[in-house]
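Visitor: sequence plus predicted model, see below.
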Amino acid sequence: MSAVAQPQPVPAPRRRRKIARRFGSAGPLTYLFLLVVAVVSAFPLYWSFVVASHDNAAIAEYPPVVTPGHHLFDNIRRVFSSGEVNVAFWTALGNSAIVAGVVAVSVVFFSALAGFAFAKLRFRGETVLLVTVIATMLVPVQLGIIPLYIEMIHLGWVNRLPAVIAPNLVTAFGVFLMRQYIVSSVPDDLIDAARVDGCHTARVFWHVVLPAVRPAAAVLGLLTFMMTWNDFFWPLIVLTPGNPTVQVAVSTLASGYVEDYALVLTGTFVSILPLLAVFLVLGRQIIGGIMRGAVKG
Amino acid sequence: MSTGEVTTPAAVGVRRRRLVPAWVRRLDVKVSPYAYIAPFFLIFLAFGLFPLGYTAYVSLTDRNLLNPVSSFVGLENYANLLHDDYFRNAVVNTLGIWVIATVPQLLIALSLAHLLNTKLRGRTIFRMSVLLPQVTSLVAVALIFTQLFSRDYGLINYVLGGLGIHQIDWEAGRLSSWIALSVMVTWRWAGYNALIYLAAMQAIPDELYEAAAIDGARPFRQFIHVTVPMIRPTIIFTVIVSTIGGLQLFTEPYLFQPIKQGALGGSDRQYQTVAMYLYEKAFGSAQFDFGYAAAIAWCLFLLIAVISIVNYLVVRRIRSAEA
């Protein structure tokens, strides 16, 4: 464990110039390879769009069609009309938005709070507790699903949204990310000044730290929203197809209509679309967040 | 502001918070940090650690969802597991898929990170493109690739047909289904791990490369002798995280079979993973056998712990082997 227990704050100024000096410019082979990787990365998503925009007759053609057709809206209508397929797709989208939204806000708030304590406050056991937080990332808590399910029965939350919200209200990744950001981006002077002005710790957090961490909070919120939106195993267990998240709804679509690839991949495509849109707009910030949260040296 | 404060000379022009007694301030400084980190630990305890620990207890009972009155059966569930061919099959499948999914994935990630760590035009575009699969949900990955790998209409079989390889029934065979699943896992995770490695590579001091260059090390040898040992902690971290995730593989194989109910993992259970078998026993086939499923979960936990430790010990040797 000692290897992961030594998180280093990310140096604030990027070292673009030094890296350039170190390796020189990328050669044509590098570009070619990266281009291939980019195509391989994007192709399956493009493919889901292709299948979603055809009817099943076109999909069964030989050789396969590789360009988009014009049945996309027909297919989308089929996914959303619960008469034809017995999947509550609107409910699913709404549920996922609620769950992912609540979880994202909660994770950002509690992570900023704990990150602030670990970055700027001094208390006994600080190091041990921080290491504990990081170590929890290595605990496969998903294996506790049976007692967790029993817990949910006792709480009366089976098939209700709190069941998929409550276990995700905090993440170790979030605490770690926020700690790293606050260490490198919130000057001690700012906090000391607030204290001299008579702020107690909670006010320092609210008026100084929280406004200062806004960029990192946005990234963490987005990442958390994505992870929660994509969560499957636990929602599959604790929710039913009648009150699903979008992932459960899509999987229900797939288990009920196996050979109807057009329908299944239209549902899939719709379920990816919101995240894809966010990613295309804010990809740079999201990448920055992932790299900042990486455990290094 | 109250009149009392204004008439007190010491408080004139001083904001009210200054009047907080010293012991309150001391309490604030000493105790409040614990209050700020408490939510994390409390929620983790309630919905993470406690259920995991309680699994050990449930595994010693014959607990069943339909019959809440359970009795203590000792190690009976574990004894039954030892003779359970389906469980042994699931362990073999899980380990097999994990190896052929993790090793290429991390090697691809390393080389990808190395290439991204150069002066590139369009850096952001390339980084975004490697992260794109990570945005895609596991469900979407499974369903899209299931279509791509389908026997009759799948694009992959069509392309392979052009190379003279005929109609592989990916889902039906043991090795072929493992390969298909490992492709899904690799596609989704290689780019993400590459970015983690890239972050670590950017933290390596320049001096090391300069020294290596003076010693006459070519770029490839610099990669092997400087880059890899320097990002060793990150490699250990990703290997362990991939182990934990990979050994719990569920969604991709669960959605790979034509009839999804029951999580059987194919007609011969040729790709049923341990997590799927756990699901089958607890929630899948109307057995709701929580005690037995808890025993499966606890065995999987031990398996993950043992393999993680072995991985840690192996990867830790990188530096000494290269020195």
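Guide: Received, thanks.
Visitor: residue of chain A with the smallest distance to chain B?
Guide: Closest residue of chain A to chain B, C-beta to the nearest C-beta: residue A:144 (3.1 Å). C-beta here means a position set from N, CA and C on the backbone, and glycine is covered the same way.
Visitor: hang on, isn't that residue packed against residue B:46?
Guide: No: if you go by C-beta atoms under 8 Å, residue A:144 and residue B:46 don't touch, sitting 10.9 Å apart.
Visitor: more crowded one of those two?
Guide: residue A:144 (27 against 15; other C-beta atoms under 10 Å in any protein chain shown).
Visitor: wait, what's in contact with that one?
Guide: Counting by C-beta atoms under 8 Å, 6 or more residues apart in numbering or on different chains, residue A:144 touches B:48-55, B:297.
Visitor: what lies in contact with whatever helix or strand residue A:211 lives in?
Guide: Taking DSSP states H and E as the definition, residue A:211 sits inside helix A:210-212. Applying C-beta under 8 Å, 6+ apart, the external contacts of helix A:210-212 come out as A:112, A:182, A:185-186, A:190, A:217.
Visitor: and it, how far from the chain's centre?
Guide: Taking C-alpha atoms, centre = their mean, to the nearest Å, one finds the center of helix A:210-212 at 22 Å from the center of the full chain.
Visitor: now do it, average pLDDT.
Guide: Mean pLDDT, helix A:210-212: 91.
Visitor: quick one: buried residues of it?
Guide: A:210, A:212 (16 or more other C-beta atoms under 10 Å in any protein chain shown).
Visitor: ditto for stretch B:66-74
Guide: Neighbour-count burial for stretch B:66-74 flags residue B:73 (criterion: 16+ other C-beta under 10 Å).
Visitor: who touches that stretch?
Guide: The contact list for stretch B:66-74, computed with C-beta under 8 Å, 6+ apart, reads B:60-64, B:288, B:291.
Visitor: ok now that stretch, how far from the chain's centre?
Guide: Averaging C-alpha positions (C-alpha atoms, centre = their mean) puts stretch B:66-74 32 Å from its chain's average.
Visitor: kindly report the same for stretch A:158-177.
Guide: Distance of stretch A:158-177 from the chain centroid (C-alpha atoms, centre = their mean) equals 12 Å.
Visitor: any part of it near chain B?
Guide: Yes: with C-beta under 8 Å from any C-beta of the partner chain as the criterion, chain B is reached by stretch A:158-177 at A:166-167, A:169-170, A:172, A:175.
Visitor: got the end-to-end distance for that stretch?
Guide: End-to-end distance for stretch A:158-177, by C-alpha to C-alpha, to the nearest Å: 32 Å.
Visitor: what comes up buried for that stretch?
Guide: Quick answer for stretch A:158-177 (16+ other C-beta under 10 Å): A:161, A:163-177.
Visitor: so where's the chain shaky on pLDDT?
Guide: All of this refers to chain A. Low-confidence regions of chain A, defined by pLDDT under 70, span residues A:1-25, A:82-84, A:257-258, A:295-297.
Visitor: my question was about chain B
Guide: Applying pLDDT under 70 to chain B flags residues B:1-19, B:68, B:258-262, B:286, B:318-323.
Visitor: in it, where's the longest helix?
Guide: Counting residues, the longest helix found in chain B (DSSP state H) is helix B:85-116.
Visitor: that helix packs against which elements?
Guide: helix A:28-52, helix B:123-135, helix B:174-201, helix B:232-247, helix B:274-279, helix B:290-316 (3 or more C-beta pairs under 8 Å, 6 or more residues apart in numbering or on different chains; DSSP states H and E).
Visitor: which element is the residue of chain B found nearest chain A on?
Guide: Nearest residue of chain B to chain A: residue B:51, at 3.1 Å (C-beta to the nearest C-beta). Per DSSP H and E, residue B:51 falls inside helix B:50-58.
Visitor: now what about that helix, what contacts it?
Guide: If you take C-beta under 8 Å, 6+ apart as the criterion, helix B:50-58 is touched by A:139-141, A:143-148, A:150-151, B:290-291, B:294, B:297-298, B:301.
Visitor: could you give the angle of that helix to helix B:290-316?
Guide: Going by axes from the mean of the first three to the mean of the last three C-alpha atoms, to 10 degrees, helix B:50-58 is angled at 120 degrees with respect to helix B:290-316.
Visitor: would you mark the buried spots in helix B:50-58?
Guide: Under the neighbour-count criterion of 16+ other C-beta under 10 Å, helix B:50-58 has B:50-52, B:54-55, B:58 buried.
Visitor: closest to residue B:174 out of the contacts of residue A:144?
Guide: Distances from residue B:174 to those, taken as C-beta to C-beta, are shortest for residue B:297 (24.5 Å).
Visitor: for that closest one, which non-adjacent residue is spatially closest?
Guide: Leaving out its chain neighbours, the residue that sits closest to residue B:297 by C-beta to C-beta, 6 or more residues apart in numbering or on different chains is residue A:143, at 4.4 Å.
Visitor: need the contact list for that neighbour.
Guide: Counting by C-beta under 8 Å, 6+ apart, residue A:143 has contacts B:52, B:55, B:248, B:297-298, B:300-301.
Visitor: for it, helix, strand, or coil?
Guide: helix (DSSP: H, G, I helix; E, B strand; the rest coil).
Visitor: again with residue B:287
Guide: Of the three states, residue B:287 takes coil under three-state DSSP.
Visitor: tell me how far it lies from residue B:264.
Guide: Separation of residue B:287 from residue B:264 (C-beta to C-beta, to the nearest Å) stands at 13 Å.
Visitor: quickly list what's touching both of these two.
Guide: Joint contacts of residue B:287 and residue B:264 (C-beta under 8 Å, 6+ apart) are residue B:280.
Visitor: between those two, who's got more neighbours?
Guide: Applying other C-beta under 10 Å to residue B:287 and residue B:264 shows that residue B:264 carries more neighbours, namely 22 against 15.
Visitor: just the element for the more buried one, please.
Guide: Remark: residue B:264 resides in no helix or strand, with elements defined by DSSP H and E.
Visitor: the spatially closest residue to it that is not a sequence neighbour: neighbouring residues, count only.
Guide: Distances taken as C-beta to C-beta, 6+ apart place residue B:272 nearest to residue B:264, at 6.0 Å, with adjacent residues excluded. Residue B:272 has 25 neighbours, counted by other C-beta under 10 Å.
Visitor: quick check, residue B:272 in a strand?
Guide: No: per three-state DSSP, residue B:272 lies outside any strand segment and is coil.
Visitor: next, count neighbours for residue B:38.
Guide: 14.
Visitor: residues touching the residue positioned nearest the centre of chain B, list them.
Guide: Nearest residue to the geometric centre of chain B (C-alpha atoms, centre = their mean): residue B:245, 2.9 Å. The neighbourhood of residue B:245, defined by C-beta under 8 Å, 6+ apart, consists of residue B:189.
Visitor: how much space between it and residue B:101?
Guide: 10 Å.
Visitor: residue A:212 too?
Guide: 41 Å.
Visitor: before we move on, what about residue A:221?
Guide: To residue B:101, residue A:221 is 30 Å away according to C-beta to C-beta.
Visitor: neighbour count for the two, which is higher?
Guide: residue B:101 (25 against 21).
Visitor: residue B:26 - how many residues pack around it?
Guide: By other C-beta under 10 Å, the residues close to residue B:26 number 10.
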